[in-house]
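**Student:** give me the fold of what follows.
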Amino acid sequence: GFRPSFFEAESTQQNLEPYLPFWTGDSNKLFGRGKNETSFLSTRRKHSRSHAPHTSTSLEPPHTMALSVASFAVPASRTSGATKSLKSLKSMRARSRPSTVAVRALKQNARTLHDSYNEHHGPEYLKYSGLDTTPDERVRRRAYYDKRTDIVRAHFKGSIGMDDWLFRVENKLNEFGFTGDNTIAMTSFCRDEITAPLKNGIHEIFGYAMDIDGLAGYCSAGVTGLGAGMSHSPTEEGSGKERYVFFAMPHIAVDSAGSAGDVIRAGRAGCSHACGALIAMQPKFEELKRGGMTIRAEGTCDHMNPEYSLLEGRMLRELQPEQVPSGGLDLVQVTKLCDGVIQKDFTELVRAAVDPAKADFAIITGVQIHSYGHTLDEWHPNMEYICPTSMTVVVNGKATNINLVDDTSAPTPRQLFQLRGGDTILATPTALAGIDPRKAAEEAAAKRRAAELSDEIARLTTATERASQSAAAALSALKSELSMIKK
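**Tutor:** Residues are numbered from 1 along each chain as shown. Alright, predicted model coming up:
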């Protein structure tokens, strides 16, 4: 019912308040949420959030609509009763800094609390708080996100935020000549819809990726599937060279309280889980441990359950019964095992499918980790992490193995916020952070010192071992010479 001429007018005296309940509704849940998919309604929603005149900065959602209060960017001040054109308000917003919004979680609304269908980010992106913050707020904010990261790293050491990981991947690939306009990406992630934020991030770099997904990220597309994707690749002028980047990884949820496997999903009562396929596999390892288990023959599957049966057989063949701990494998262990299987099998598949004389390629693996809020009673930002496990780049037939964390520089929170198109800074959650700023700063300093001491101890231990080996060799030579003399 909107008329374009109404919005294009240089000025208007019409009262926009009656339209606000509709404008500020979450049109993403009705019309798709792709970041680059601009619709008429999403454009109007942007205007309504920041540009429509109000007599108050407090926005109360109608009782009949499920609104995400976290999406309101509240301007610092407004002139009561003043009417400005949409064009002038847009100009004002462009000159202003992002504002911090207080998130009011509505307990009855999972979408509001967990914001499941908006783009998710990693902790470094969310650490950015603009320029107008107080010292205690800066410390408290960093302490909160560092704590969330520590919770994830307790299960997956070396994990970094998804935005951080994407930044490093793009920069490192660029060093080897892979860019968004000369490369096609192919993704083998789990079919779960919550893997979408990572796919969207890859789409932003390389355009739409070829989807070769399988349950738990195990690729069942085979040589034919990869060949289809490779035939879509951009080609280099003159040489005709092609470039491919393959991403393959399982996923797992680790919520804000550290519970592995737990995740809150939009619109679903209670706690859900990820990865469902790997959870279903856990009892199989207990059965393997007990002995007498018949494992499906390699290359065979249940025609009514093909992907899972292929995955199950392959995972069970990876371990001998004596290698399974008493009580079986927990979900984190199963996920890490799956990552190891994917690294082996996917690398074998890529090398069988790709002609290195015709194309350069990269294989990137890891574990995608969803860190959502633990409960509907508290608000926590949904975050995405990646635990990098391998990265191999092959250029002109020469392979280079890369440690993504050690070999690349991390971006700053401000850089990530700008690169990822941030425009709203969320307030720091108060839950989980009964964090005293001074104590948090002391703990951070102690953590840094502990890391420094660990590195120094490791260096001295290595030096001592080498010196000991050298002394032992010299002693052996002297004894040998003395023995010869005595003879």
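
**Student:** going by C-alpha atoms from here, please, whenever you check contacts or count neighbours.
**Tutor:** Fine.

**Student:** how much space separates the closest residue to G240 other than its chain neighbours from E236?
**Tutor:** Leaving out its chain neighbours, the residue that sits closest to G240 by CA to CA, 6 or more residues apart in numbering is K358, at 7.9 Å. In this view, K358 and E236 are 11 Å apart by CA to CA, to the nearest Å.

**Student:** which neighbours do these two share?
**Tutor:** Shared contacts of K358 and E236 (CA atoms under 8 Å, 6 or more residues apart in numbering): E242.

**Student:** tell me how far stretch 203-218 lies from the chain's centre.
**Tutor:** Offset of stretch 203-218 from its chain centre (CA atoms, centre = their mean, to the nearest Å): 14 Å.

**Student:** count of neighbours near the closest residue to A221 other than its chain neighbours?
**Tutor:** In this structure, A221 finds its nearest non-sequential neighbour in I212, 5.9 Å apart by CA to CA, 6+ apart. Using other CA atoms under 10 Å, I212 has 24 other residues around it.

**Student:** which pLDDT value goes with I212?
**Tutor:** At I212, the model reports a pLDDT of 93.

**Student:** and the strands in this structure, which stretches?
**Tutor:** Secondary structure of the chain, counting by DSSP state E: strands at 100-101, 160-161, 184-188, 210-211, 242-248, 251-253, 262-263, 272-273, 359-371, 383-395, 398-401, 425-426.

**Student:** could I get these as JSON lines with distance to G292?
**Tutor:** Formatted as JSON lines, the strands of the chain follow (distance: least, CA to CA, whole Å):
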{"stretch": "strand 100-101", "distance to G292": "59"}
{"stretch": "strand 160-161", "distance to G292": "41"}
{"stretch": "strand 184-188", "distance to G292": "33"}
{"stretch": "strand 210-211", "distance to G292": "38"}
{"stretch": "strand 242-248", "distance to G292": "32"}
{"stretch": "strand 251-253", "distance to G292": "30"}
{"stretch": "strand 262-263", "distance to G292": "32"}
{"stretch": "strand 272-273", "distance to G292": "30"}
{"stretch": "strand 359-371", "distance to G292": "32"}
{"stretch": "strand 383-395", "distance to G292": "33"}
{"stretch": "strand 398-401", "distance to G292": "40"}
{"stretch": "strand 425-426", "distance to G292": "55"}
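
**Student:** contacting residues around the residue nearest to A221?
**Tutor:** M186, T187, S188, F189, C219, S220, A221, G225, L226.

**Student:** generate a PyMOL selection restricted to the buried entries among the residues you listed.
**Tutor:** Per 16 or more other CA atoms under 10 Å, the buried members of these correspond to this PyMOL selection:
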select buried, resi 186+187+188+189+219+220+221+226
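
**Student:** on that earlier part again, out of the strands of the chain, deepest packed?
**Tutor:** strand 251-253 (a mean of 28; mean count of other CA atoms under 10 Å).

**Student:** hmm, who's touching that one?
**Tutor:** If you take CA under 8 Å, 6+ apart as the criterion, strand 251-253 is touched by 189-190, 195, 216-217, 259-263, 273-275, 332, 335, 367-372.

**Student:** mind redoing it with 6 Å?
**Tutor:** For strand 251-253, contacts defined as CA atoms under 6 Å, 6 or more residues apart in numbering pick out A260, G261, D262, V263, A274, C275, V367, Q368, I369, H370.

**Student:** which strands border it, and is each parallel or antiparallel?
**Tutor:** strand 359-371 (parallel) (DSSP bridges).

**Student:** tilt between the strand it pairs with and strand 242-248?
**Tutor:** 30 degrees (axes from the mean of the first three to the mean of the last three CA atoms, to 10 degrees).

**Student:** ok, now which ones touch V245?
**Tutor:** A185, F361, A362.

**Student:** turn those residues into TSV, columns for pLDDT and distance to E170.
**Tutor:** Formatted as TSV, those follow (pLDDT from 0 to 100; distance: CA to CA, whole Å):
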residue	pLDDT	distance to E170
A185	96	12
F361	97	14
A362	97	12
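
**Student:** got the residues you listed as JSON lines, with distance to E204 columns?
**Tutor:** What follows is the contacts of V245, written out as JSON lines (distance: CA to CA, whole Å):
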{"residue": "A185", "distance to E204": "11"}
{"residue": "F361", "distance to E204": "19"}
{"residue": "A362", "distance to E204": "18"}
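
**Student:** which of these sits closest to T294?
**Tutor:** Nearest to T294 out of the contacts of V245 is A362 (CA to CA; 36.6 Å).

**Student:** for the closest one, which non-adjacent residue is closest in space?
**Tutor:** Counting by CA to CA, 6+ apart, the residue nearest A362 is V393, at 4.2 Å.

**Student:** distance of that neighbour from L173?
**Tutor:** For V393, the distance to L173 - CA to CA - is 8 Å.

**Student:** and V350, by the same measure?
**Tutor:** 18 Å.

**Student:** count of neighbours near the nearest residue to A216 once chain neighbours are set aside?
**Tutor:** In space, and not counting its chain neighbours, A216 is closest to C190: 4.5 Å by CA to CA, 6+ apart. C190 sits with 27 neighbouring residues when counted by other CA under 10 Å.

**Student:** picking up where we left off before, beta partners of the residue nearest to A362?
**Tutor:** A362, T400.

**Student:** hang on, it packs against I364?
**Tutor:** No: using CA atoms under 6 Å, V393 is not in contact with I364; the gap is 8.6 Å.

**Student:** just to revisit the earlier point, now, among the contacts of V245, which is nearest to K289?
**Tutor:** For these, the nearest to K289 is A362 (36.7 Å; CA to CA).

**Student:** which residues does that closest one contact?
**Tutor:** Here A362 is in contact with V245, T392, V393, V394 (CA under 6 Å, 6+ apart).

**Student:** among the residues you listed, which one sits closest to D455?
**Tutor:** Nearest to D455 among the contacts of A362 is T392, at 26.7 Å by CA to CA.
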